[in-house]
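J.: can't give you the sequence, but here's the structure:
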Ligand code: FES
């Protein structure tokens, strides 16, 4: 009689989807969920530090709460079966409820890509080959026997690293190996283990926020994404302060590059961890960013971006090996940087133009990418114009007293009801701060209620009545509106919007609006000629078009229906370049045909900007 030594398995069912999976007992809930196709967001990469991967164990035996769970979950929650999916091991069949707030949401830019036609034809090719055994009768080299099994497409020269791995891979796998090629070279030969795959990452490195997207390159399927703050922000919020740091600090450029690489690695690793992909199986990375970020990731001197005539070191697309940059992916992976257009119009704008299919539209369309450095692209119907403006980080929640990135507890929407403000937070949680979309709504609501005048000044005491007037307090630059009362917030201190915050919003929206006006003039168009305005950028995901118009970010001749948020389209452009070499070529054509308009050269700039600071 043989003893059955197979590890016990358990069956997990996930509600409300109904998806089920059988896994070895002792697996974490997050890992089992991913195998069942239920993706739980793991913002801290499953380290048990963020407390965001909450699920509810409806039935089944699970391990007792870990220290991390005890510190991040209340007793009441633990008693009700709430647990952290990344921490909880399952020992019996179980039923787990995964609330919407814990799910890895499909980002809007990913749905933008689903509506867009493109052929998946990445720069990475791969196959699994059965390499015949060497015998005294067949003394062909390992490479020769591998080549016998490769199609013409895959039969390209190997890198020295791939050759070094070849003998072990062939002999440790019974001859079954996975071969990956990039840029016309075989770069990896590994035993063809079940869970290996060929993956790619697209990264949008912004001045304030960095987002990474993980894709399966064999199918083109989206797997996960992760975002983080750019650690370079400690040296200043905008690109000029980063350039100054690179110029004035000892090893400043090396430090900025190291910080950029570390955050790119972080978002890639966190996205990969969500779906249990090993980063050494990532064979290509595409990167977009403004020209300064592009230079800093590459370690190129940004000095000449910061002084007239603002010339980049290089504007064409660049390919670099991962090992030369220090990226924590397969060391032979290709890292592709999309082309830039000018000193302040970068690869991120190329990404937006590509993803939004701006060029070729029958009528004029405007795309506005709202980040710390704002970029505007206008397709006139026959020509493509681009310009940049210094919007500042206000719309990304930075430099606003209670600003934050769109995350749990951020005020994302503000409505007016019965003469008062009504706030809505992400996840319906107690308020923590306010993110970009909430900021737009809040300013629009304050204008509607008369608490704010067209110059951006808060109304003095007694000048307005109604319930919302009671939210105004303080004097001068300290005058403020209490958006969320202490009882509505997580830390029991009110969320405020100060007079200084309003000024920052005015500067940001004034810069964007001036760029829009001047590009329209350059193209010989009037605002009424625009058929549509696409709002890109992290907060373009959620911005209320009515609020964008109400605060005068865009020409007031537009109807709300003509304004559409398209999410982080720069990131979507990086994804397209990752998945399709055709789209990559197209990005180069678009960059070459773009007409860059230097706004500071425009004699009208100061006047237009000053006007644009006013609210309508
Ligand atoms: Fe952060 Fe689980 S606690 S992902």
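T.: Yep, it's here. Model, not experiment: these values are computed from the prediction.
J.: going forward, measure contacts between C-alpha atoms and count neighbours the same way
T.: Fine.
J.: quick check, pLDDT for the residue of the stretch 251-400 of the chain found nearest the ligand.
T.: For the stretch 251-400 of the chain, the residue closest to the ligand is residue 274, as judged by CA to the nearest ligand atom, at 8.5 Å. Here the pLDDT value assigned to residue 274 is 80.
J.: could you do the one 10 residues further on as well?
T.: Residue 284 is assigned 97 on the pLDDT scale.
J.: what of residue 43?
T.: 66.
J.: again, but for the one 3 residues further on
T.: At residue 46 the predicted local distance difference test score is 75.
J.: surely it touches residue 273?
T.: Yes - in this structure, residue 46 is within contact of residue 273 by CA atoms under 8 Å, at 7.5 Å.
J.: if we can go back for a sec, next, count neighbours for the residue of the stretch 251-400 of the chain closest to the ligand.
T.: The tally of other residues near residue 274 (other CA atoms under 10 Å) stands at 26.
J.: again with residue 608
T.: Counted with other CA under 10 Å, residue 608 comes out at 18.
J.: and it, backbone torsions?
T.: phi -60, psi -40 (degrees, to the nearest 10).
J.: OK, contacts around it?
T.: 514, 517-518 (CA atoms under 8 Å, 6 or more residues apart in numbering).
J.: which one of these is nearest the ligand?
T.: residue 514 (41.5 Å).
J.: name the SS class of the most centrally placed residue in the chain, please.
T.: Nearest to the mean C-alpha position of the chain, by CA atoms, centre = their mean, lies residue 211 at 2.9 Å. Secondary structure, DSSP: H, G, I helix; E, B strand; the rest coil: residue 211 is strand.
J.: apart from its neighbours in sequence, what residue is nearest it?
T.: residue 227 (4.3 Å; CA to CA, 6 or more residues apart in numbering).
J.: what's near enough to touch that neighbour?
T.: Residue 227 makes contact with 209-212, 267 under the criterion CA under 8 Å, 6+ apart.
J.: who does the helix or strand containing it pair up with?
T.: Element membership of residue 227 [criterion: DSSP states H and E] is strand 221-229. Looking at strand 221-229 with DSSP bridges, its partner strands are strand 209-216 (antiparallel).
J.: mind checking how far the partner strand is from the chain centre?
T.: 6 Å (CA atoms, centre = their mean, to the nearest Å).
J.: I'd like the average pLDDT over that strand.
T.: On average, strand 209-216 scores 90.
J.: change the start of the numbering to 54 and stick with it
T.: Okay, using 54 as the starting number, the last item reads as strand 262-269.
J.: so the helix or strand hosting residue 319 versus strand 274-282, what angle?
T.: Assigned by DSSP H and E, residue 319 belongs to helix 305-327. Helix 305-327 runs at 140 degrees relative to strand 274-282, counting by axes from the mean of the first three to the mean of the last three CA atoms, to 10 degrees.
J.: may I have the strands that pair with the helix or strand following helix 305-327, each with its orientation?
T.: Next along the chain after helix 305-327, taking DSSP H and E as the criterion, comes strand 335-342. Paired with strand 335-342 in the same sheet, following DSSP bridges, are strand 252-258 (parallel), strand 387-390 (parallel).
J.: contacting residues for residue 529?
T.: Contacts of residue 529 (CA under 8 Å, 6+ apart): residue 552.
J.: my guess is the residue of the stretch 304-453 of the chain closest to the ligand contacts residue 91, does it?
T.: No - look at residue 327 against residue 91 with CA under 8 Å: they stay out of range, at 10.8 Å.
J.: what's in contact with the helix or strand in which residue 180 is found?
T.: Element membership of residue 180, judged by DSSP H and E, is strand 177-183. Here strand 177-183 makes contact (CA under 8 Å, 6+ apart) with 199, 202-203, 207, 228-236, 245, 251, 270, 336-337.
J.: what sits up against whichever helix or strand comes after that strand?
T.: Sequence order places helix 195-200 as the next helix or strand after strand 177-183, per DSSP H and E. Helix 195-200 is touched from outside by 182-185, 187, 208, 216, 219-220, 223, with contacts defined as CA under 8 Å, 6+ apart.
J.: would you indicate which residues of stretch 488-504 are buried?
T.: 488-500, 502-504 (16 or more other CA atoms under 10 Å).
J.: closest to the ligand among those residues?
T.: residue 488 (21.0 Å).
J.: next up, the contacts around the closest one.
T.: 448-450, 456-459, 463-465, 592.
J.: mind running it again at 7 Å?
T.: With contact taken as CA atoms under 7 Å, 6 or more residues apart in numbering, residue 488 is in contact with 449-450, 456-459, 463-465.
J.: residue 306 too?
T.: Neighbouring residues of residue 306 by CA under 7 Å, 6+ apart: 299, 352.
J.: at 10 Å what do you get?
T.: Taking CA atoms under 10 Å, 6 or more residues apart in numbering, we find residue 306 in contact with 295-300, 312, 348-350, 352-356.
J.: before we move on, what about residue 584?
T.: Per CA under 10 Å, 6+ apart, neighbours of residue 584: 414-419, 611, 615-616.
J.: could I get the full set of helices for the stretch 304-453 of the chain?
T.: 305-327, 344-351, 375-378, 400-408 (DSSP state H, counting those that start in this stretch).
J.: which element is residue 298 on?
T.: helix 292-301.
J.: follow-up on the earlier one: any chance of the helices of the stretch 304-453 of the chain in TSV, with distance to residue 435 too?
T.: TSV is the format used below for the helices of the stretch 304-453 of the chain (distance: least, CA to CA, whole Å):
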stretch	distance to residue 435
helix 305-327	37
helix 344-351	26
helix 375-378	39
helix 400-408	14
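J.: which one of those is the most hemmed in?
T.: Burial of those is given as mean neighbour count (mean count of other CA atoms under 10 Å); helix 400-408 ranks first at a mean of 31.
J.: and the two most separated of the buried residues of stretch 488-504?
T.: 488 and 503 (22.3 Å; CA to CA).
J.: low-scoring stretches of the stretch 554-669 of the chain, by residue?
T.: For the stretch 554-669 of the chain, applying pLDDT under 70 flags the ranges 591-594.
J.: the helices in it, which residues?
T.: Under DSSP H, counting those that start in this stretch, the stretch 554-669 of the chain gives helices at 598-603, 622-632, 634-646, 658-665.
J.: get me the contact residues on this structure for the ligand.
T.: Proximity of the chain to the ligand (CA under 6 Å from any ligand atom) is limited to residues 95-106, 137-139.
J.: tell me the least confident of the contacts of helix 195-200?
T.: residue 208 (85).
J.: isn't it right up against residue 201?
T.: Yes - with contact defined as CA atoms under 10 Å, residue 208 counts as touching residue 201 (9.0 Å).
J.: what angle separates the strand holding residue 280 from helix 622-632?
T.: 140 degrees.
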